[in-house]
Structures are given as structure tokens and as C-alpha cells.
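Undergrad: Sequence and predicted structure below; questions after.
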Number of protein chains: 2
Amino acid sequence: MGSTIKDIAKDTNLSLATISKYLNGKNILPENKKIIEESIQRLGYIPNKTAQNLRSKKTNTVCILLPIIGDYFWGSLCSIIEEHLRKYNYSTIISSYNASSGDNTSELQFLLSKQVDGVILIPDSNITDDRASFKLPFLLQKAGIPFVCLDQELSGIPGDFVTSDNRAGAYNATRYLLERGHKRLGIIGGNLSSYTMKERLTGFQNACSEYQIPERNLSVYGGAVSSCAEYLRIMMSLPEHPTAVLILGYDLTLSAIMTLSVLNMQIPKDFSLISFDDDEIFSAFNPPITTVVQNMDEIGRQATELLMKRINGNLDSFPERKMIETTFIIRKSVKVLAD
Amino acid sequence: MGSTIKDIAKDTNLSLATISKYLNGKNILPENKKIIEESIQRLGYIPNKTAQNLRSKKTNTVCILLPIIGDYFWGSLCSIIEEHLRKYNYSTIISSYNASSGDNTSELQFLLSKQVDGVILIPDSNITDDRASFKLPFLLQKAGIPFVCLDQELSGIPGDFVTSDNRAGAYNATRYLLERGHKRLGIIGGNLSSYTMKERLTGFQNACSEYQIPERNLSVYGGAVSSCAEYLRIMMSLPEHPTAVLILGYDLTLSAIMTLSVLNMQIPKDFSLISFDDDEIFSAFNPPITTVVQNMDEIGRQATELLMKRINGNLDSFPERKMIETTFIIRKSVKVLAD
DNA sequence: ATACATAAGCGAAACGTTTTGCCTTATAAC
DNA sequence: GTTATAAGGCAAAACGTTTCGCTTATGTAT
């Protein structure tokens, strides 16, 4: 069915080596080039990547490793990364790993047998917080497979990573509230012990202490989406409740908005709110919600760039920490308070 | 670095062929089996897939082809499918294609050169509605690469596909409304000309005509999320406006809920609503929203199964149309009307 | 005993490339 | 006119497997 380099060689009366040279962009006579191109066209030749990979020991393939399946955020990031890798002539394979297992050897074997050139690791706190030597980061390092980590810094081992600048994002948003006269603030997050959330919390606190807001005027909540509504209700029933809140996550924001509407509190008239993590839908709300947005495309781009660099053997300034700036989108969910 | 089958052969004093037999589960002497296993352990041998692929002309690889990048729904489906394919010992590569191009030859070449065994095609109406012979489905067929299509039926060419039973899902939800005494209904969708949306609309209409609801009591809207709020507002200002609405999509539902809250209409007291497409967040709302949910995991499973069948040369009942039942989750967004 | 099937093992060829080292020819330098 | 230099081409080896055809040993039915 498919024709091979041999067929082209016969067809053109040239040697295998010459055809291979042509395919790899080496110098050959222009006339031969023309002949080869015609022949390729005529015979419908398509290079066989498996053969190329075997011989050259390079697969031009990167594996994205994710811990959980079905997560919207990471799932869509996969296709963004694919797009970027494609520009470098790399293809993407995705695979999931067992984050809770103490031994990721089987995942490593998979990568090794597939001969992937590099890995983009979407971490799970189970993996990053641990310096156990059978977990993915260690195994990858030992095997000499370059990888870059997304979203979270590894704690037991040095490694490149790229993440949103969560701290700055939260800091800016908080300042925005403070500048508009809010003096009692709340922050609502999911699991506040994760790297990402800790960073955001730090940003929030830094801004507050710059404005000398006393601790007692700050209200911090970390917990499940389902209980966020309850928390908000309690918070709002206090006599001196916050006038504004920074909400760390899409789902939480949605839940908060719904809760406020049930409580008959209007945004921003009765209460101000900023969401960390945007979605198209927030701009369609009434009022549209002011948000901090993570630049997913940029995260994908930078992760790709960094990985390419490492794959090409460039170890400059390892380990690199790339912080991607968030964007602050001012819409209409924050009220300006008179002093 | 990595050891090969040759090393094992030397180490065990057996021939390459025997080692290969062992690796492929053929019969060998139990004593040799033991020796080989020890040797593999000791030398840390890992089979080289690129070599296996080259020789056996089988890659155990499926490519998921998607049209757009960054789509949450499809992105997360990718990792679900990966999970299922993994059970069959297949790995997954993802790649995007140009839906608007008239010629997908380059995509085909990619698949051919990668030697993928099959494709899961996430379609774009640009591709399915067209019988142009340079578009993906035709090319795949011509090249003899088995594929199954998700979500949409191909119109120009027979092909397997698996999709949610959109029609039945909408039908059931609509009946639910009708059974609770609603006599004036609305349906709000995105692009109503897409296959998916048409199916849902049909389900809605079928239920309505069964209950002999006159056309004039039905209100149908298809359009962008951004203008849905406006539409709802107008609709609600009519004297005899619908008492309940079926909303075809997550974003639209969110937008509708917000709009209603701004209009000071309470769900379900003043207005009833069912969402097609669920999200965890809907259960956390107040009231929790009654929804029709697509069984993504099942879609992934069935697509995988069907593709495996085709890859193994089983063409029984081609082309197959698999309709995955939706689940109806009754929560509290629908009011029972007195007659 | 003879013939015959079955099981296990072996060496060598094959899969479709890239790479190596050598050879030829043309070009430039002196 | 000789010699150095470079460019392009070629045959063959290599990459790490699987598979083919053959051999030998073992058991089984005639």
C-alpha cells in the first residue's frame, strides 16, 4: 500500500541515502531535488515516523501527564498545549497517572517504552509535596527525561515550573478593593493548603497589611463549594460583615453569586465581589463580574517553550520558575465606598 | 543505557526469537520463562515500542482529532477517552484539525505517518455537513483508517457515531414540565441549526405536540449567550409568557438564572426551568437546578469499544449509531402548577 | 518399530528509516 | 598542471523488534 523511501530510490535511480538527505533538508543537487519531489508526489510517499523514530532515537513527542480525568480546566489545557507543541513539530500524547500510588514506576516505563522526548507534568499535591523517590518527578529526573511542571512548585526536588502569578493576581485585586474604600474584606477559597491557594492568600494578606487593615476585619474561608453558601450566609449575618470579598475560583464565585441573590443582596450595591478565574459567562451577568483571569494560552506557550529548551539540552538557569501574569478585568461588581 | 532484547538473549543464553516469544506471551519452557524474567528484572529491560511498532505495523495508538482548542467539554472528554483506551492497552494522541479548510490532507498524512490504528473524530459541522472529498471523514475512509465520530452524524458518508440521545433527553424533560401542569413553554438554545440542537428541539416539540400544546404557546429562541438575557427579558414582559423553559446548555442556563434574579423572579416560585447539561454547581444553587445530564464517561466508553471493534476488523452492523441515554436529575427548579 | 504430530528453540531476514565511511567529480588555489 | 577542498552520491550497517522457516526433542497412534 504505502510506498517507502526504497520505492522513491528505485523510481528516481538515486540511492536511499540521497532520498533520506532530501527528506532531512540536507544538500542535494537541485535537479535531483526536483526529480525526488515529483516522484514523492507521484507515488504518494509518506515518511514512516515509527521507522524514523527507531533509527534516530527521537520521537518528537511530548507526553502530558495528568492526575485526574475529566477535569475541565486541565483537559482543555491539553489541547492548548497540543497546539503550541505542534508549532515545534512535536506531537502530544496524553496519559494519566496514579497520584495516590507511592510508586509510579509503571508510568515511567510507559514513557520510556514510548520514547517520549519530554513530559509536561500536571501535578497533584500528592506528588509535589512528597520527596518519595518512587514518585514521578524523581523517576523522571533519574531517567533523564526533561519535564516541566505546571501550576505547582515541586517541593522535594528542583524542577522547572510555570504557573500563573497567583500572588500578584490576588494582590492587585485586593488593592483594587482597598483603593475603593473597602475596609472589611473577605477571601473565600477552596483547599487553602494547596500551593496555588496559599499564594493567592498571601497576595491578599500582603495588600491588606499594606493598607493596615487589622486582622479582625479580615475574614478567611477555605472549604468545599457546597459549604461556601452556608459560610457566606453566616458571614453576612454578622453585624460588621465584610463589604467586599475576593473569591478564589470559578465554582465558588458562581455559588456565591447565587447565594447573594437568594439573600436579596445586590451586587455591587449591597456587596462587592471579585472572582479569581474568569469565564465568558461572567461578562454576561448583570452586573458583569470583575475578575482576575489566568492566561491559559500563555501558560501553555511558556511551558512548551521551556520544555523545548530543555529537550534541546539547554540547561540555562535551571530550575526556572515562570510566573505568568494574570489579567485584571474590571467590570461592575465592585462598589466605590465613600470614606 | 537501556538494555535491549539482545542483552537479555545474551544474558540468558537464549535466542532473540525466544525472548520475543516470551514477551508476546507465546509458549516457552517454564524454566526459561523464569530465567528470562530474572534477567529482565536484573537488566531493567523495557521493550522499545517504536521498534515493536515498526516491525509489527501496529502502534496500539488512537488519535483524538478535535476542531477547536480550549473547549472545556471536549478537552475533558479527551482524558476520559484516554482512560478507557488505556484499558485496551492503547495509548492516545491528541491533535487538532482545521475544520474550515477544504483540504485535510495534511491531517491525514500526519495520521498515516504516525501509523495510528484508529481515530476518534470530534466533529465540527463544517466537516460533517459536507461531502467534499478532501475533508477528514472521506480521507479517513479512503485511507482505511477506522474512526468513530462523536456527537454528530456524518451526512455525506456512512460512519459509526456515538452521541447522547439528545432527542429523548429533551423529550423527557419537556414531558416532566407538561406533567406538572405547564402549558406555555419556552426553549432556549445556542445555534439551533447544529445536529445536537436540532435533536433537542425535536424532542421538545414532540412532547409538546403529544400534549397538544398549540404552537402559539411555544417560544423558541436560538442565539448567542450574550443575547439570551435580552431575549428572556422580552419574553417575560409579554402578558402571557411561558411559565417554564428548557435551556439547552450550561452557559445559557447560567445566564438565564442571573437574568431572572435581576428581574426579581424567583425560581421556581415565579418561573420554572430545566437545564440541558449539568454541572456540579447546579446542585449547590438555591434552589438546586433540575437538569438533563450527558453521560460523558459512557460516551467515552462506547466510542472506545466501537473503535476497538472496528480496529479488530469487525464490521458488524456498520455504520452503527450509538445513542447514550441521558440522565434526568430532578432537583427543585420546577414548580407544580395547579390546573 | 515406524510414522506423525506437537512443542520449543534457533538463526536469519525483515520492517523503513538514518547514519557512517568511502568514492567520485567538480571547483578553486597555487 | 598539479593539488587541495568541498559537494554530492552510494552501499552498507544500524536501530530493536517480530516473524519465517528450519531443526531437534518429545510424545502418540499405528
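TA: Now that the structure is in, tell me what you want to look at. Since the model is a prediction, treat every value here as computed from it, not as a measurement.

Undergrad: quick one: low-confidence parts of chain A?
TA: A:1, A:69-72, A:126-131, A:339 (pLDDT under 70).

Undergrad: For it, which segments count as strands?
TA: Applying DSSP state E to chain A gives strands spanning A:61-66, A:91-96, A:118-121, A:147-150, A:161-164, A:185-189, A:218-222, A:244-248, A:272-276, A:290-293, A:321-324, A:327-329.

Undergrad: which one of those lies closest to chain B?
TA: Checking the strands of chain A against chain B by CB to the nearest CB gives strand A:91-96 as the closest, at 4.6 Å. C-beta: built from backbone N, CA, C; applies to glycine.

Undergrad: mind giving me JSON lines with the strands of chain A and columns for mean neighbour count and distance to DNA strand D?
TA: JSON lines is the format used below for the strands of chain A (neighbours: other CB atoms under 10 Å in any protein chain shown; distance: least, CB to the nearest atom of the strand, whole Å):
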{"stretch": "strand A:61-66", "mean neighbour count": "25", "distance to DNA strand D": "16"}
{"stretch": "strand A:91-96", "mean neighbour count": "23", "distance to DNA strand D": "19"}
{"stretch": "strand A:118-121", "mean neighbour count": "25", "distance to DNA strand D": "19"}
{"stretch": "strand A:147-150", "mean neighbour count": "25", "distance to DNA strand D": "22"}
{"stretch": "strand A:161-164", "mean neighbour count": "24", "distance to DNA strand D": "32"}
{"stretch": "strand A:185-189", "mean neighbour count": "26", "distance to DNA strand D": "48"}
{"stretch": "strand A:218-222", "mean neighbour count": "17", "distance to DNA strand D": "49"}
{"stretch": "strand A:244-248", "mean neighbour count": "27", "distance to DNA strand D": "48"}
{"stretch": "strand A:272-276", "mean neighbour count": "26", "distance to DNA strand D": "48"}
{"stretch": "strand A:290-293", "mean neighbour count": "24", "distance to DNA strand D": "46"}
{"stretch": "strand A:321-324", "mean neighbour count": "16", "distance to DNA strand D": "34"}
{"stretch": "strand A:327-329", "mean neighbour count": "16", "distance to DNA strand D": "47"}
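
Undergrad: can you list the domains in chain A?
TA: The record's domain parsing of chain A by automatic domain parsing lists A:5-47, A:61-159, A:166-295.

Undergrad: could you dump those to JSON lines with distance to residue B:185?
TA: As requested, those are exported to JSON lines (distance: least, CB to CB, whole Å):
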{"stretch": "domain A:5-47", "distance to residue B:185": "54"}
{"stretch": "domain A:61-159", "distance to residue B:185": "30"}
{"stretch": "domain A:166-295", "distance to residue B:185": "23"}
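
Undergrad: Nearest to residue B:108 among those domains would be which one?
TA: Residue B:108 lies closest to domain A:5-47 among the domains of chain A, at 8.9 Å (CB to CB).

Undergrad: check contacts around residue A:186.
TA: A:218-221, A:235, A:241-242, A:244-246 (CB atoms under 8 Å, 6 or more residues apart in numbering or on different chains).
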